[in-house]
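Asks: build me a model from this:
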Amino acid sequence: MVGLFLLMNSAFVLAQQPGKYEAINSGTPWLDQNGNIVSAHGANIIKEKDTFYLFGEAHSDTSNAFAGFNCYSSKDLYNWKFEKVALPVQESGKLGPNRVGERVKVMKCPKTSEFVMYMHADTLTYKDQFVGYAVSKNIEGPYEFKGPLLFDGKPIKKWDMGTFQDSDGSGYILVHGGEIYKLSDDYKSVTEKVNENITTGFESPTMLKKDNLYYFIGSHLTSWEKNDNYYYTSNSIKGPWEFQGLVAPKETLTWNSQSTFVLPIQGSKETTYMFMGDRWSFPNQASSATYVWQPLAISGKSLSIPVYKETWKIDLATGIASVPKNTNKILKNNNKEIAYSGNWSHTDKESKSDDKNASFSIKFKGQQIGFSSFVGSENGYAKVVLTDEKGKIITSAIIDSYSKSSTETTVYKSPILKNGNYVLTVSGTGERPNWSDKRKSNYGSTGYYISVTQIEIKK
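Replies: Numbering: from 1, shown residues only. Next comes the predicted model:
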């Protein structure tokens, strides 16, 4: 996603080590083992032995400049351990200060057993774009940046990029527009352009293969704004590619996300293909952007996310995805246990306020708490603070409740904590997601509303 942007500031408050997660939760903040928000956008996941490794863009809330590529590890896809900055900002050069580094992807080369990292490198004005690469003998890094990936001696001068590793071990670079390049045996150069441009636009290129059929997913060009991602299929990676339609129901904006990768999770009974999408938030990219990970429904040429699963589980042994039964205590917005402060409007479905001094809080006993909102085009940022009964902060986060497509959804869910007494407080910040792109087009929220429709408590 490209552009010149209007900047604002926000913060994520680091607190004590949080609890664990028992499922994949989409659209809500995730914390690592240290209580820091997981910062890994434009990401991919690869599995090495019994461990999953997540690579993604680090971000700040004050600039779009390259801040490094992070590496996390997990045994269950639920709980993520921060390993290190796999590729930090370089002292100078193409990934030095005030440059752009995006869409990081890592593959293991079958021939050399090296791990090769690919990325889109650029200037802050997006006028020096190319696909770059870095290498490491260790999966978590550090990676050594080598510069542009060359084809016929020249860089591939494109923006959004992705990767795909075929069942025969061949590696491919996917780029903006639908072009596909085959990598050399050592994954360090390009030997062939196997597919020409498919269509104008088509950024965030993402590919998977099932039953010898290739699926190529991409999105429209709408800056940081979400849109309805779409896909093509082909019997050959060289095409021809047949347009099939949208990934998710029309006007859900791909459940408010943009594709970045698809992870096959192969078990003894099934292979679940997990769509990995980003919910970009600008300007609070570090503290408020979240992730949408969903199991894909695939049958023949049909690929979709027909229903949004806020919470789901994956059995890594069998490969079967499931939705756990919700046995949580539900409190509607008008429940007397919720204390409101400031100016609020209340209906039987929602309580909302655009007063930056407004807040709501609830004292509860349990292991986990979450709340839902009507997200919409007039919504802004909300600050969430979870404390113990003595007032010590457990976690704190900034929630983005803006959405071009209005819907009710869970916007916050805490980790599983030690059973005890806690207080959740949610307040307005007087900030909203908005930005301008390089064409000076304005995007984002037109208001500052925060909202609550219900609260869920796990006893």
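
Asks: which parts of the chain are helices?
Replies: For the chain, applying DSSP state H gives helices covering 253-256, 285-288.

Asks: restrict the last one to CA atoms and write it as CSV.
Replies: Taking only C-alpha atoms (Å, rounded to 0.1, in the frame of the first residue of the first chain), the coordinates of helix 285-288 have been written out as CSV:
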residue,chain,number,x,y,z
GLN,A,285,0.4,1.2,12.6
ALA,A,286,2.4,-0.3,15.5
SER,A,287,-0.2,-0.1,18.3
SER,A,288,-3.5,-0.5,16.5
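
Asks: which helices and strands does it pack with?
Replies: strand 393-400 (3 or more Cβ pairs under 8 Å, 6 or more residues apart in numbering; DSSP states H and E). No exception for glycine: its C-beta is placed from N, CA and C like everyone else's.

Asks: export the helices of the chain to TSV and tack on mean pLDDT?
Replies: Listed next are the helices of the chain as TSV, based on pLDDT from 0 to 100:
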stretch	mean pLDDT
helix 253-256	98
helix 285-288	95
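
Asks: next, format the ones you listed as a markdown table and append mean neighbour count and distance to residue 74.
Replies: Below are the helices of the chain laid out as a markdown table (neighbours: other Cβ atoms under 10 Å; distance: least, Cβ to Cβ, whole Å):
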| stretch | mean neighbour count | distance to residue 74 |
| --- | --- | --- |
| helix 253-256 | 25 | 22 |
| helix 285-288 | 24 | 20 |
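
Asks: could you pull out the strands for the stretch 51-200 of the chain?
Replies: 51-57, 69-74, 81-87, 99-108, 115-123, 130-136, 144-148, 150-151, 154-155, 161-165, 171-175, 179-183, 190-195 (DSSP state E, counting those that start in this stretch).

Asks: give me the angle between the fourth one and strand 171-175.
Replies: Compare the direction of strand 99-108 with that of strand 171-175 by axes from the mean of the first three to the mean of the last three Cα atoms, to 10 degrees and you get 150 degrees.

Asks: got it, and the fifth one?
Replies: Orientation check (the same axes, to 10 degrees): strand 115-123 against strand 171-175 gives 20 degrees.

Asks: domain parsing for the protein?
Replies: Domain assignment for the chain, taken from automatic domain parsing, gives 38-322, 329-458.

Asks: would you turn the helices of the chain into TSV with distance to residue 269?
Replies: Listed next are the helices of the chain as TSV, based on distance: least, Cβ to Cβ, whole Å:
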stretch	distance to residue 269
helix 253-256	26
helix 285-288	38
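
Asks: ok, which of those comes nearest residue 368?
Replies: Nearest to residue 368, of all the helices of the chain, is helix 285-288, at 20.7 Å by Cβ to Cβ.

Asks: how far does that closest one sit from its chain's centre?
Replies: In terms of Cα atoms, centre = their mean, to the nearest Å, the centre of helix 285-288 is set 11 Å apart from its chain centre.

Asks: contacts for it, please.
Replies: 10-12, 37, 39, 41, 58-61, 64, 281, 381, 397-400, 433 (Cβ atoms under 8 Å, 6 or more residues apart in numbering).

Asks: list buried residues within those.
Replies: Buried members of the contacts of helix 285-288, counted by 16 or more other Cβ atoms under 10 Å: 10, 12, 37, 39, 41, 58-59, 61, 64, 281, 381, 397-400, 433.

Asks: any regions of the stretch 351-459 of the chain where pLDDT drops low?
Replies: Along the stretch 351-459 of the chain, no part satisfies pLDDT under 70.

Asks: also the chain?
Replies: 1-18.

Asks: if we can go back for a sec, which among the domains of the chain is found nearest to residue 29?
Replies: For residue 29, the closest of these is domain 329-458, at 4.5 Å, according to Cβ to Cβ.

Asks: the closest one spans what distance, first to last residue?
Replies: 6 Å (Cα to Cα, to the nearest Å).

Asks: please apply the same query to stretch 259-279.
Replies: Criterion Cα to Cα; first-to-last residue distance in stretch 259-279 is 9 Å.

Asks: repeat for stretch 191-209
Replies: Terminal residues of stretch 191-209 lie 22 Å apart, using Cα to Cα.

Asks: list the buried residues for that stretch?
Replies: Neighbour count says stretch 191-209 has 193-195, 198, 201-209 buried, by 16+ other Cβ under 10 Å.

Asks: what do you get for stretch 429-438?
Replies: Buried positions in stretch 429-438, judged by neighbour count with 16+ other Cβ under 10 Å: 429, 431, 432, 433, 434, 435, 437.

Asks: what does stretch 229-249 give?
Replies: Quick answer for stretch 229-249 (16+ other Cβ under 10 Å): 229-234, 237, 239, 241, 244, 246-248.

Asks: now, which of the buried ones among the contacts of helix 285-288 sits nearest residue 214?
Replies: Set against residue 214, the nearest of the buried ones among the contacts of helix 285-288 by Cβ to Cβ is residue 41 (25.1 Å).

Asks: identify the residue nearest the closest one in space, chain neighbours excluded?
Replies: Counting by Cβ to Cβ, 6 or more residues apart in numbering, residue 41 lies nearest to residue 57, which is 4.5 Å off, once chain neighbours are set aside.

Asks: thought the one you found was touching residue 39?
Replies: Yes: assessed by Cβ atoms under 8 Å, residue 57 is found in contact with residue 39 at 7.4 Å.

Asks: could you tell me which residues touch both of those two?
Replies: Listed as contacting both residue 57 and residue 39 by Cβ under 8 Å, 6+ apart are residue 70.

Asks: ok, back up a step: if the residue nearest to residue 41 is in a bridge, with which residues?
Replies: residue 41, residue 69 (DSSP bridges).

Asks: one step back: could you dump the buried residues of stretch 229-249 into a markdown table with distance to residue 385 added?
Replies: Shown next, in a markdown table, are those (distance: Cβ to Cβ, whole Å):
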| residue | distance to residue 385 |
| --- | --- |
| 229 | 34 |
| 230 | 40 |
| 231 | 40 |
| 232 | 45 |
| 233 | 47 |
| 234 | 50 |
| 237 | 49 |
| 239 | 52 |
| 241 | 48 |
| 244 | 45 |
| 246 | 38 |
| 247 | 35 |
| 248 | 33 |
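
Asks: from the residues you listed, pick the one nearest residue 355.
Replies: Of all those, residue 355 sits closest to residue 248, with 34.0 Å by Cβ to Cβ.

Asks: re the thing from before, would you point out the most distant pair within the buried residues of stretch 191-209?
Replies: Within these, 201 and 209 form the most distant pair, 23.3 Å apart (Cβ to Cβ).

Asks: what is the burial count for residue 329?
Replies: Around residue 329 there are 12 other residues, counting by other Cβ atoms under 10 Å.
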